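Trainee: A structural model of the following input is requested.
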Amino acid sequence: MQVYVVNNLVLAARRLPSEKRGSVAIYFSLALFPILMMTGAAIDYGRALSAKARLQSAVDAASVAVAQSSVQSPAFTQAQRLALAQATFNAALGPTANSLNVTTVGESDPTSAKAYYEVTASTSLPTAVMNIAQINSVPISVKSGGAIKNAPVGPGSGCVLSLDNSAVDAFWDNGNATVTLSSCDIYDNSSNSAALAVGGSATLVARTINVTGGVSGASKITTTATKPDGSKAIYMGAARTPDPYANVVIPAYLGCDHTNYSTGTNAALTPGVYCGGIQINSSAVVTMAPGLYIIDRGSFTVNGQASLSSITVGGMSGVTIVFTSSTNSNWPTVTFNGGGTINLIAPTAADIAKGNNGLNGILFYGDRNMPVGLNYKINGGSTQVLTGAIYLPEAAVFYAGNTSANNCLQRIGDTVTFTGNSNIAISGCGMYSLAGFGASSNTTQYVSLVE
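Mentor: Sure thing, here's the model as predicted:
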């Protein structure tokens, strides 16, 4: 009996390693299953990502095509846009998506999307490994937006710029003045809370108003452009506008061709250096031949009832009048009194090419070394027509005068004040090659994907 028991124990001991090996196999199989599932998930997830990337590329192509069609064929219906999106999608990928929807969403912000077209696509990708766990497919969904955007082209549409960084009323429209800026913009670099002001019974019309500081009298301002919410295009807190003529320098000159020039009769002025200024008295009729005029000290005065005009000689036109001082004293000023007839134009690029020694597009040029705030009173009124750039970066510029709708005039000063009814436009400026500033009013449309 004891021998039998011992023999059974020995047999059991001999079978023990074999049974242990079976248990390990079972445990290993159980541990291997989740590892296989994780590996399968990684494989199927990688396939899904690849498929999603292909789908995304296809819907991107579809959304851009639909947006472009709205520019080229504005009369397209929603059904036509949907058909175009489906055709573009299929061409890019093939008919593997089980749904494709197009939605049009209107956008009012002119600086971003004018119209937005969204294309969505979805599909189910059969799994290669995860079906072991009864996960037979992976859903994939993508979307893309194609937007029509407006980009400014051409020179900036600024026509009035005050450069002072802190002045009160750096731009001022006061009294009964009616000021109309045709399709152009005002830029004011002052950070003062009343940097731009419209006072009294004055009114102001411009495309946009762009002020680093604040605005007083906004109720008297009309803007022909509007913000996305439909309100006036008055932008406070705007970035300062750089001096567009900062790199233009005064041409070298020597001596004086005329000293304390004054006339009360008909006269013909020629280019040269006028030391002590120019005075044109009442009833005088004076012409200015094309070229460069240097006013070295003194003043440039045109009294009431006088006539001053630039003329064409030998097919060449345009004058540039520079205000400077060879002694850094007795700095020149300008006074154009009402009642006179003034018609002055700046040289064009064509005039410069013909030998005009003026500055291209610049009618008045003020030395940057002059004291800040010298008064330049350009108050010729309704019989005053100036064409080109009035560039007086350190001056307090006072202005009253008209230009036609097809004329070209920029006004740049340390401060700018309108003292009477005025019309300013920058139409027809191309021939003068003016240095544009600000944003262009001309735009071109383009299509891009919306992030």
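
Trainee: Could you check how far V119 is from A85?
Mentor: Distance of V119 to A85, computed by CB to CB, to the nearest Å: 5 Å. Using the backbone N, CA and C atoms, a C-beta is placed for each residue, glycine as well.

Trainee: One more: G272?
Mentor: 70 Å.

Trainee: With L386 instead?
Mentor: For L386, the distance to A85 equals 55 Å [CB to CB].

Trainee: returning to that earlier point: between G272 and A85, which is the more surrounded one?
Mentor: Neighbour count, other CB atoms under 10 Å: between G272 and A85, A85 has more, with 28 against 17.

Trainee: from what I can see that one touches A65, true?
Mentor: Yes: in this structure, A85 is within contact of A65 by CB atoms under 8 Å, at 6.9 Å.

Trainee: Distance from the helix or strand harbouring V160 to the middle of the chain?
Mentor: Assigned by DSSP states H and E, V160 belongs to strand 158-162. Mean-position distance between strand 158-162 and its chain equals 14 Å (CA atoms, centre = their mean, to the nearest Å).

Trainee: Just checking: what are the partner strands of the very next helix or strand once past that strand?
Mentor: Scanning forward in sequence from strand 158-162 by DSSP H and E, the next helix or strand is strand 171-173. If you go by DSSP bridges, strand 171-173 pairs up with strand 196-198 (parallel), strand 409-418 (parallel).

Trainee: Tabulate those (CSV), appending mean neighbour count, mean pLDDT and distance to F323.
Mentor: Output for these, formatted as CSV (neighbours: other CB atoms under 10 Å; pLDDT from 0 to 100; distance: least, CB to CB, whole Å):
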stretch, mean neighbour count, mean pLDDT, distance to F323
strand 196-198, 26, 95, 26
strand 409-418, 26, 94, 12
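
Trainee: In JSON lines, list these along with distance to V211.
Mentor: As requested, the strands paired with strand 171-173 are exported to JSON lines (distance: least, CB to CB, whole Å):
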{"stretch": "strand 196-198", "distance to V211": "5"}
{"stretch": "strand 409-418", "distance to V211": "12"}
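
Trainee: right, and these - which one's nearest W172?
Mentor: Among the strands paired with strand 171-173, the nearest to W172 by CB to CB is strand 409-418 (4.4 Å).

Trainee: got the CA positions of the following helix or strand past that closest one in CSV?
Mentor: Sequence order places strand 422-425 as the next helix or strand after strand 409-418, per DSSP H and E. This file holds the C-alpha atoms of strand 422-425, laid out as CSV (Å, rounded to 0.1, in the frame of the first residue of the first chain):
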residue,chain,number,x,y,z
SER,A,422,-12.9,122.0,-49.9
ASN,A,423,-12.9,119.1,-52.3
ILE,A,424,-10.0,116.7,-52.5
ALA,A,425,-9.5,113.7,-54.7
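
Trainee: Compare the strands paired with strand 171-173 and give me the one nearest A439.
Mentor: A439 lies closest to strand 409-418 among the strands paired with strand 171-173, at 15.0 Å (CB to CB).
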